[in-house]
Each structure stands twice: as C-alpha cells, then as structure tokens.
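Engineer: Sequence first, predicted model second:
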Amino acid sequence: MATTKTHNLKAWDTLHNNGPFPLKKLYITELEGDGNMPDKLDRFNDAAKEIRRLIKETKDANEGFRAYGSAWSMNHIASHKDRMHYNGFMNIHIPIVEANCHANTSFEASNLFLFECGTTIKRASEVLSSHGKSLKTTGASNGQTLAGCISTGVHGSALQVGAVQDYVVGLNLIIGPNETDVVYLERHTQPALNDTFAKKISSKIIRNDHLFNAALVGLGGFGFVHGIVIEVEPRFLLKRYVKKINKDVALKLADTLDFKNSAFKIPEETTFDGLGLTPYHYKVFINPYSTESEYVVELMYKKPFRTDYKDPFPIIKQSLYRDLIHLFTKMAENFPKSIPWLVKKLRKTIMPTVDEELIGTLPEIFWDAPYQGPAFACSVGIHHKDSSKAMKLLADLTKNEGPIPGIFAMRFVKQTKATLGFTKFPITCMLEIDGVLWKKTRKIMSLTEYSRRMIEVLKQNNIPFTIHWGKNSDWSFPDLVNHMYGKETVNAWKQFRRALLGYEMMALFSNTFLHDTGLAETETHLNTNEDLIASL
C-alpha cells in the first residue's frame, strides 16, 4: 500500500524563498512499489485511497488541506497554515489505447496519456519522447508538476497552442474522504475516455464543459487533482533565433503580431514571395533602465522532427537569454549587492550583441532552470494590442518610483477556455518583470507596494489586465479578481466549486490565498443547484 510520512513543522517555503509561511503538518506519500503491485491502475487507485485517508484525518481534526508539487509559485497559493501534501513521488503514467476511448471522441488514442499529479514537465517529456510524442507547450523551463501547471495556469509562449491547461482533456479529482468522492471530469463536447475505463479510476463520471472549464485552473480549490489526461502531439523541432532589432519594430510586432508584413524578417522564415512567417513563439527582452535603440527578441519556428540536428545544449547552457532571473543574478554576482549600483549598471549596455541560432525539441529548448535562489516575478496579462502602451506605463513606474532590481519581457499566448485562466484575451501578452528579491528601505518600496502600484497604474489608464496566479502581487487588493474577470464569471467559478464540493469540503480545500482573493467565499447566496455538476 501507499505510505505517508508525516512531519510536524512550523513553516514552509517556496523554491524561490517567497515565504516562509506557517504550517503544522507536511504529508509525503510514496507509492507502493511496482514489484509488490505491478499493475499501474492498482497503484494509482491505491494512492487515491491513501489521499482520501489523509483528507479524512484532516477533516476530523477540523483543519485545512492543500497539495503542492515543485513549490515554484512565487506567492502563497500553494501554502496552507494547517496541512500540506507533497505530490512529487506520485508520478504514474498510463498511455491511453483505442479501447479506452469514448465512442464519440475526436482525439487520436495514441496522443492521449494519463499522468499522475506529481509528474514534472521534465519527466512527462521523457515519457512522451519514448513514444515519439511531445507536449504542445511548457513554461520557460521544466521543473513544475503537471498538476501545479494547470492549477495556476502556467502559460508558455505559443501563439497557436495556449497555456498548459489548454491541452488537458480530463481531470481525476479527489474531493473528499469517501469512496464516492473520486470524480472523473471532462467536457461533454469533447469526450476522451469511455465509461469503462473512467470507472476504473473514479466512482463518478461527469461530462460538463462549464464545470470542466471552471475546475481546469482550479487554484487548488477544486479538491486534490490526482490524475490529468492530456492530448499531446508527435515530436517536433523548434528553430530558435535570438536577434537585436529596433525598439519600435519590436513593439509594433507586439501590438499587431503582423509578422507577415513586418519590417523585421528572418530570411529563412519567409514565404516564397518574401512575406514573414508567424513563429511558434515570440518573446521580447526589455531593460527598462537602458536608453539603447534596440531590444533583444527571441523567435522560434516549428519544424518537422528529424534526428540529424546539431546538439543544442552547448548554446542553451551558455545563453544569457534563456532565463531573465538567471541573467540578472549573474549581474548581481559581479557587482556589489546594492540596488542603486545594479540600476546604474543596468543603464549601460548589458545585453551583448547576439545572433544566436539553434534547433532542438521542446524539452531541449525549454530545459532546466539555471537559478533556484531568492527571486521575484510579477506578470500581468493584457490584450496584445495594449502591449506597447502597458510596457511604457510599467517601465516608467519602475524607473520613476523604483528602482526595482529586475528586467522585463513580453510573451504571447493563445486564449484559454479556462474560466479563471489569466490568458483570457484573444492573444494575451504576458508582460513580466523578473529579478532578485530585495528588502524595503527608506528609498525603495516593498515588493507588495510595487505590485500594488502596477495594479493601480493599469486601472488608472483603463487597460484591462489579469495577473499570473503563481506570481508575486498584492493579492489582497480590493475587488481585484472581480475587476480582472468580471463578477459574473467569478461567481460562476464559485458556484461550480460549491456545487461540486459542498460547504464542508470548500472550507477544507480553501487557504489564505483563496480568502485574500475572495475566492473562498461560502456565502449562502451562491447557487447550490446540483444541475451545475450534471453531465450534459
């Protein structure tokens, strides 16, 4: 049987030291060995039984429960003051065969895989590669767990794909301590698994687009995400270019995404008549303190998979543009650790002349994160048409009310169907500032104050925005979530959560983050109609 070690603690912290946050108990569950229990489904269900036991133990103690994976979120979304569960050893994977697919599915069976919650992006990529397959997109690197990615909406930078949750087609949720509290959820318009297989991992099957979309970016509030069915695709290559281009050209591309008619073109990435091709990925690196006339941009173009490409790792390992936090901390290592001194250096040219090219698979290019120490990251989502306007506003804030020890970037992502997915615009520009954590001084505002000013500046200038759920922000800002998504959408998310969990389990799976954002609301005016969670 799966076994759990319980550690009595006083605090817990994130990978990037954004805490510490209070904690009483930490659970760490390990699966039964495959020598004693060779069938993967048996081990998967055995783990579910153990999680139900832990939920019951928590419920009987009248405390709260929260699962986490790699602890990459840079705020308190993954923390709970009572009890937390580490998912990292729960990493079963099961390829879906045609006999397990729904009769009306539109998915190709060979492209469907069931992964357990603790599977990291890196491990999922290794598994898929052995099947000749690939994830459709990932975040900037590969250390997050799949459950963590979808719970917070990790977005990648793919113009035609969307965020990680947008290739999820099924969710296996544990919503309470009872046998009947194991649910398999998918869309009624896009069924994936048939009842025979779904019943092997759940006691209840619900096919409902609206409920699925609400639970998809569930922020840890829709129960314990145990299993995730994803749609993948055949392996492909990405041709990556890093160039310096005129600032105005880079920002016009951000606002229009009109690569076809842009003044900037990569000769190898044009049509036969010389028009620019739209890339898989477009990213702009921005130093707000620099007066240089050019920005560094990164573009990637999708190519058919082949085996005779040059090893990309020598370039990837040395690339200054793979991770902004890494770039900034490398600077910090070479200069005195004072923000004014760093900002002075930032005003000079720190981005070297580049003309990098490489080709590799998705997991090769979006590889291990080089930096894992104290760091912050603020990230707002805006309609790409507002990119340059928002960039100027936030860069001016950073310079005039800062200084803040970080560097900006813009990435662009296709719209999500998730109810509270922050990539909600037709094409969302994720405007990010990453850097090293600092302490408030008489001359320098705190990170929370800076985050609050970002919100205020965007609101004052009537720019619709969202905020990355896993990044730093002033999450207690009044009515923030309703402003970002609209009260009707937010209430719908709450109503589906209430209908699925009931009040008791809503409280158990709530934490300070959900209370701070107003999403833990349990007021009785919420719709309790059971039809909300009926199969459609």
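Structural biologist: Yep, it's here. Numbering: from 1, shown residues only.
Engineer: make it CA atoms for all contacts and neighbour counts henceforth
Structural biologist: OK.
Engineer: In terms of pLDDT, where does residue 340 sit?
Structural biologist: In this model, residue 340 is scored at 62, pLDDT.
Engineer: Next: residue 532.
Structural biologist: Residue 532 is given a pLDDT of 87.
Engineer: Surely it touches residue 494?
Structural biologist: No: counting by CA atoms under 8 Å, residue 532 stays clear of residue 494, with 11.3 Å between them.
Engineer: Now do the same for the closest residue in space to residue 220 that isn't next to it in sequence: helix, strand or coil?
Structural biologist: Counting by CA to CA, 6 or more residues apart in numbering, residue 220 lies nearest to residue 151, which is 6.1 Å off, once chain neighbours are set aside. Of the three states, residue 151 takes helix under DSSP: H, G, I helix; E, B strand; the rest coil.
Engineer: Residue 151 reaches residue 223, doesn't it?
Structural biologist: No: counting by CA under 8 Å, residue 151 does not reach residue 223; the two are 10.7 Å apart.
Engineer: re earlier: can you count the residues close to the residue nearest to residue 220?
Structural biologist: For residue 151, the count of nearby residues is 26 (other CA atoms under 10 Å).
Engineer: ok, so what distance separates it from residue 228?
Structural biologist: For residue 151, the distance to residue 228 (CA to CA, to the nearest Å) stands at 11 Å.
Engineer: can you check residue 207 too?
Structural biologist: Counting by CA to CA - residue 207 and residue 228 are separated by 15 Å.
Engineer: Those two: who's more crowded?
Structural biologist: residue 228 (25 against 21).
Engineer: Tell me which residues touch the more buried one, please.
Structural biologist: If a contact means CA atoms under 8 Å, 6 or more residues apart in numbering, then residue 228 has 114-117, 146-147, 168-172 as its contacts.
Engineer: for residue 238, same thing?
Structural biologist: 300-303, 359-362, 365.
Engineer: phi, psi of it?
Structural biologist: The phi/psi pair for residue 238 (degrees, to the nearest 10) reads phi -120, psi 130.
Engineer: cool, and the one 5 residues further on?
Structural biologist: Reported as degrees, to the nearest 10, the phi and psi values for residue 243 are phi -130, psi 160.
Engineer: mind checking how far it is from residue 357?
Structural biologist: Counting by CA to CA - residue 243 and residue 357 are separated by 9 Å.
Engineer: Pick out whichever of the two has more residues nearby.
Structural biologist: residue 243 (18 against 15).
Engineer: could you measure that one against residue 159, distance?
Structural biologist: Residue 243 is 19 Å from residue 159, by CA to CA.
Engineer: Just give the closest residue to residue 103, not the sequence neighbours.
Structural biologist: Here the residue nearest residue 103, using CA to CA, 6+ apart, is residue 194, at 7.0 Å.
Engineer: what's near enough to touch residue 215?
Structural biologist: Listed by CA under 8 Å, 6+ apart, the contact set of residue 215 reads 222, 418, 497.
Engineer: Identify those among those that sit within helices.
Structural biologist: residue 497 (DSSP state H).
Engineer: Dump the contacts of residue 215 to a markdown table, plus pLDDT and neighbour count.
Structural biologist: Shown next, in a markdown table, are the contacts of residue 215 (pLDDT from 0 to 100; neighbours: other CA atoms under 10 Å):
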| residue | pLDDT | neighbour count |
| --- | --- | --- |
| 222 | 98 | 25 |
| 418 | 98 | 25 |
| 497 | 96 | 27 |
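Engineer: I figured the residue nearest to residue 103 hits residue 104, correct?
Structural biologist: No: counting by CA under 8 Å, residue 194 stays clear of residue 104, with 9.0 Å between them.
Engineer: what about the strands in the stretch 101-250 of the chain?
Structural biologist: For the stretch 101-250 of the chain, the strands defined by DSSP state E, counting those that start in this stretch cover 112-116, 133-134, 168-174, 182-186, 204-207, 224-231, 233-234, 236-246.
Engineer: which residue is nearest the centroid of this structure?
Structural biologist: Centroid-nearest residue in the chain, with CA atoms, centre = their mean: residue 154, separated by 1.3 Å.
Engineer: My guess is that one contacts residue 164. True?
Structural biologist: Yes: Residue 154 lies in contact with residue 164 (CA under 8 Å); the separation is 5.9 Å.
Engineer: which residues do these two both contact?
Structural biologist: Contacts common to residue 154 and residue 164, judged by CA under 8 Å, 6+ apart, are 138-139.
Engineer: Quick check: which element contains residue 311?
Structural biologist: Remark: residue 311 resides in no helix or strand, with elements defined by DSSP states H and E.
Engineer: Look up how far residue 64 lies from the nearest residue to residue 73 once chain neighbours are set aside.
Structural biologist: Among residues not flanking residue 73 along the chain, residue 470 sits closest, at 4.4 Å (CA to CA, 6+ apart). To residue 64, residue 470 is 20 Å away according to CA to CA.
Engineer: What of residue 91?
Structural biologist: Taking CA to CA as the measure, residue 91 falls 24 Å from residue 64.
Engineer: my read is residue 263 is in a helix, agree?
Structural biologist: No: going by three-state DSSP, the assignment for residue 263 is coil, not a helix.
Engineer: Number of residues surrounding it?
Structural biologist: Residues near residue 263, counting by other CA under 10 Å: 14.
Engineer: Wait, it touches residue 248, no?
Structural biologist: No: at 10.3 Å, residue 263 does not count as touching residue 248 under the criterion of CA under 8 Å.
Engineer: Low-confidence stretches in the stretch 301-450 of the chain?
Structural biologist: Applying pLDDT under 70 to the stretch 301-450 of the chain flags the ranges 318-353, 370-373.
Engineer: which residues of it fall in strands?
Structural biologist: 356-361, 376-383, 406-414, 427-435.
Engineer: Out of these, flag the one nearest residue 110.
Structural biologist: Closest approach to residue 110 among the strands of the stretch 301-450 of the chain is made by strand 356-361 (19.3 Å; CA to CA).
Engineer: Other residues contacting the helix or strand hosting residue 456?
Structural biologist: Residue 456 belongs to helix 447-460 when assigned by DSSP H and E. When contacts are defined by CA under 8 Å, 6+ apart, helix 447-460 is touched by residues 378, 390, 393-394, 397, 402, 438, 440, 464-465, 472-474, 477.
Engineer: now the helix or strand that that helix is followed by: how far from the chain's centre is it?
Structural biologist: Next along the chain after helix 447-460, taking DSSP H and E as the criterion, comes strand 466-467. Strand 466-467 sits 13 Å away from the centroid of its parent chain (CA atoms, centre = their mean, to the nearest Å).
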